[in-house]
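>>> Sharing a model prediction with you, sequence too.
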Amino acid sequence: MNQVNTAIQKTSYTRRIVMPAAVVLVVMALSFIVYGSAWRIDSYALHRFVSHLSAVVLFISIGFGPLLVYPVAYFRGAGVGERIYASLIPPIIWLVKELIRVSEFFTFGETMYFIFNPLNIMIFIGAFGLMALSELFCRRSMKKRTGKPEKVITVLPVFAICTAIAGLYIFMIWGGGVHMFYIYMKVYKALFI
């Protein structure tokens, strides 16, 4: 256990926080660039393959990035707050990019309202659920490494996972997700039209 703690304490902020998030950000950026440039491929079949593959990689990096970032930060000695922060860096950067994009044709108020788009909310709800799942996995793995009798399953991660499942159900599955979109659009019309 002392060897694990000593190794964890010597890990720099860059290795704990920046590097795990940077890996996901690089994958996000590259897949976004490839997706946006795929139209230049002359072969229609190859164009479709490259655009679909890059879209899937982009989706996975945005939606499932915490499954990589959180455990890496955990095993590099990041505290709970640091792990959450590191895991949220990629979706926050994606959201900022989207806000910049929509600000080209939306007013400032509409751009800020775009934050509450059901897709954006789903990304963050999912991120917290994946972080909680990663926490349980990391605790179990650390318990096996050290042999120390620590609790693996506790109330907060289980609550976060259950809340994420319920939230994703409401925003994605309930009525095909259209109910939340309709609510989002009704509020938009009430505020801006």
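Sure thing, it's come through.
>>> Can you report phi and psi for residue 106?
phi -100, psi 160 (degrees, to the nearest 10).
>>> for residue 107, same thing?
The phi/psi pair for residue 107 (degrees, to the nearest 10) is phi -70, psi 170.
>>> swap in residue 65?
phi -50, psi -40.
>>> And for residue 135, the neighbour number?
Per other CB atoms under 10 Å, the neighbour tally for residue 135 reads 23. To be clear about C-beta, it is placed using only N, CA and C from the backbone, and glycine gets the same treatment.
>>> For the nearest residue to it once chain neighbours are set aside, list the residues it contacts.
Nearest non-adjacent residue to residue 135, counting by CB to CB, 6 or more residues apart in numbering: residue 157, 4.8 Å away. By CB atoms under 8 Å, 6 or more residues apart in numbering, residue 157 lies in contact with 132, 133, 135, 136.
>>> List the buried residues for the host helix or strand of residue 157?
Per DSSP states H and E, residue 157 falls inside helix 155-168. In terms of neighbour count (16 or more other CB atoms under 10 Å), helix 155-168 has its buried residues at 157, 160, 161, 164, 167, 168.
>>> Which residues are in contact with the fifth one?
Right, the one you point to is residue 167. So residue 167 contacts 121, 122, 125, 129 (CB under 8 Å, 6+ apart).
>>> now swap in residue 16 and tell me
73, 76, 77, 78, 82, 86.
>>> can you give me the offset of whatever helix or strand comes next after the helix holding residue 157 from its chain's centre?
Using DSSP H and E, the helix or strand that follows helix 155-168 in sequence is helix 178-192. Helix 178-192 has its average C-alpha position 24 Å from the chain's average C-alpha position, going by CA atoms, centre = their mean, to the nearest Å.
>>> which other residues reach helix 178-192?
In contact with helix 178-192 (CB under 8 Å, 6+ apart) are residues 107, 109, 110, 113, 116, 117, 118, 170, 171, 174.
>>> Kindly recompute the last result at 10 Å.
106-107, 109-110, 113-114, 116-119, 121-122, 170-172, 174-175 (CB atoms under 10 Å, 6 or more residues apart in numbering).
>>> Going through the residues you listed, which ones are buried?
113, 114, 117, 118, 119, 121, 122, 170, 171, 172.
>>> re earlier: export the helix holding residue 157 as CSV, just CAs?
Extracted C-alpha coordinates of helix 155-168, given in CSV (Å, rounded to 0.1, in the frame of the first residue of the first chain):
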residue,chain,number,x,y,z
VAL,A,155,-24.2,5.1,-1.6
LEU,A,156,-23.0,8.1,-3.6
PRO,A,157,-21.7,6.2,-6.7
VAL,A,158,-24.7,4.0,-6.7
PHE,A,159,-27.0,7.0,-6.4
ALA,A,160,-25.1,8.7,-9.3
ILE,A,161,-25.5,5.6,-11.5
CYS,A,162,-29.2,5.3,-10.8
THR,A,163,-29.8,9.0,-11.3
ALA,A,164,-27.9,8.9,-14.6
ILE,A,165,-29.9,5.9,-15.8
ALA,A,166,-33.2,7.7,-14.9
GLY,A,167,-32.0,10.9,-16.5
LEU,A,168,-30.9,9.2,-19.7
